[in-house]
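Novice: sequence first, predicted coordinates after that:
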Amino acid sequence: ALPIYTVWGALRGLETFTQLVWRAEDGAYYVNKTELNDFPRFPHRGLLLDTSRHYLPVKTILHTLDVMAYNKLNVFHWHIVDDPSFPFQSVTYPALSSKGAYNAETHVYTTNDVQMVIEYARMRGIRVISEFDTPGHTQSWGKGFPGLLTKCYNGETPSGTYGPFDPTLNSTYHFMAKFFKEVSRVFPDLYIHLGGDRKS
């Protein structure tokens, strides 16, 4: 008997059941007789992939989601954008990925790619939380949106390098509002991770 109370409990219970099946040398399938009392110890059981630093093809991400389902993990934390590259293909600001990705032709995730990952995850009981690291770790953003990052100086002379988003410009806030409105349409989860580390 498999007493369940939610669709996700059924999904996890059936996963446990499949792990009890084994095949004998004669080709017959058997199920180990056992009694289990299984429940999740933690409500958030997640895995993070950083596809900004290490671009992964969609096929690899889908395979990772399968492995997560086998292990009853339920949150895919997709660290999609950071300093090194901007592989998320924004419809609102297409230059972010065309200029900020490692390769604008082969190393980007289109809206269709993202939707495929989200639906594939959903069918396995996995929610997708995106991470767009801000206001720091944004060097890849500046390549596609000049004027967004803070200019660094050596004394009174611009050094030619840039820091995080420039908080002194109203245009920064207009950009952020418009961009994250798009992100919230593409990623339906109630949460978006902003990183926010190492900023003083």
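Specialist: Received, thanks.
Novice: what about residue 136, distance to residue 174?
Specialist: In this view, residue 136 and residue 174 are 20 Å apart by Cβ to Cβ, to the nearest Å. Bear in mind the C-beta positions are built from the backbone N, C-alpha and C, glycine included.
Novice: just residue 79 next, same as before
Specialist: Using Cβ to Cβ, we find residue 79 at a distance of 25 Å from residue 174.
Novice: same question, residue 88
Specialist: Here the criterion is Cβ to Cβ. By it, residue 88 lies 19 Å from residue 174.
Novice: more crowded one of these two?
Specialist: For residue 88 versus residue 174, neighbours defined as other Cβ atoms under 10 Å are more numerous around residue 88 (29 against 10).
Novice: what about that one, distance to residue 192?
Specialist: Here the criterion is Cβ to Cβ. By it, residue 88 lies 12 Å from residue 192.
Novice: intersection of neighbour lists for these two?
Specialist: Residues within reach of residue 88 and of residue 192 at once, by Cβ atoms under 8 Å, 6 or more residues apart in numbering, are residue 132.
Novice: and residue 39, how many residues sit next to it?
Specialist: By the criterion of other Cβ under 10 Å, residue 39 has 7 neighbours.
Novice: please give the element, helix or strand, for residue 150.
Specialist: Of the helices and strands defined by DSSP states H and E, residue 150 is found in strand 149-154.
Novice: what of residue 9?
Specialist: In this assignment (DSSP H and E), residue 9 forms part of helix 7-18.
Novice: next, the buried residues of that helix.
Specialist: Residues of helix 7-18 classed as buried by neighbour count (16 or more other Cβ atoms under 10 Å): 9, 11-13, 15.
Novice: then stretch 164-179?
Specialist: The neighbour-count check on stretch 164-179 (16+ other Cβ under 10 Å) flags 164-166, 172, 175, 179 as buried.
Novice: just the ones in helices from these, please.
Specialist: Here DSSP state H is the test, and the buried residues of stretch 164-179 give 172, 175, 179 as lying in helices.
Novice: closest one of those residues to residue 145?
Specialist: Checking these against residue 145 by Cβ to Cβ gives residue 175 as the nearest, at 6.6 Å.
Novice: show the model's pLDDT score for the residue nearest in space to the middle of the chain.
Specialist: The structure's the chain has its C-alpha centroid closest to residue 78; by Cα atoms, centre = their mean the separation is 1.3 Å. Here, the pLDDT recorded for residue 78 equals 98.
Novice: one more: residue 102?
Specialist: On the pLDDT scale, residue 102 gets 97.
Novice: mind listing what it touches?
Specialist: With contacts defined as Cβ under 8 Å, 6+ apart, the neighbours of residue 102 are 55, 84-85, 87.
Novice: TSV for the residues you listed, including distance to residue 42 and secondary structure?
Specialist: Written out in TSV, the entries for those read as follows (distance: Cβ to Cβ, whole Å; DSSP: H, G, I helix; E, B strand; the rest coil):
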residue	distance to residue 42	secondary structure
55	30	coil
84	30	coil
85	31	coil
87	30	coil
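Novice: closest to residue 117 among those?
Specialist: Closest to residue 117 out of the contacts of residue 102 is residue 87 (12.3 Å), distances taken as Cβ to Cβ.
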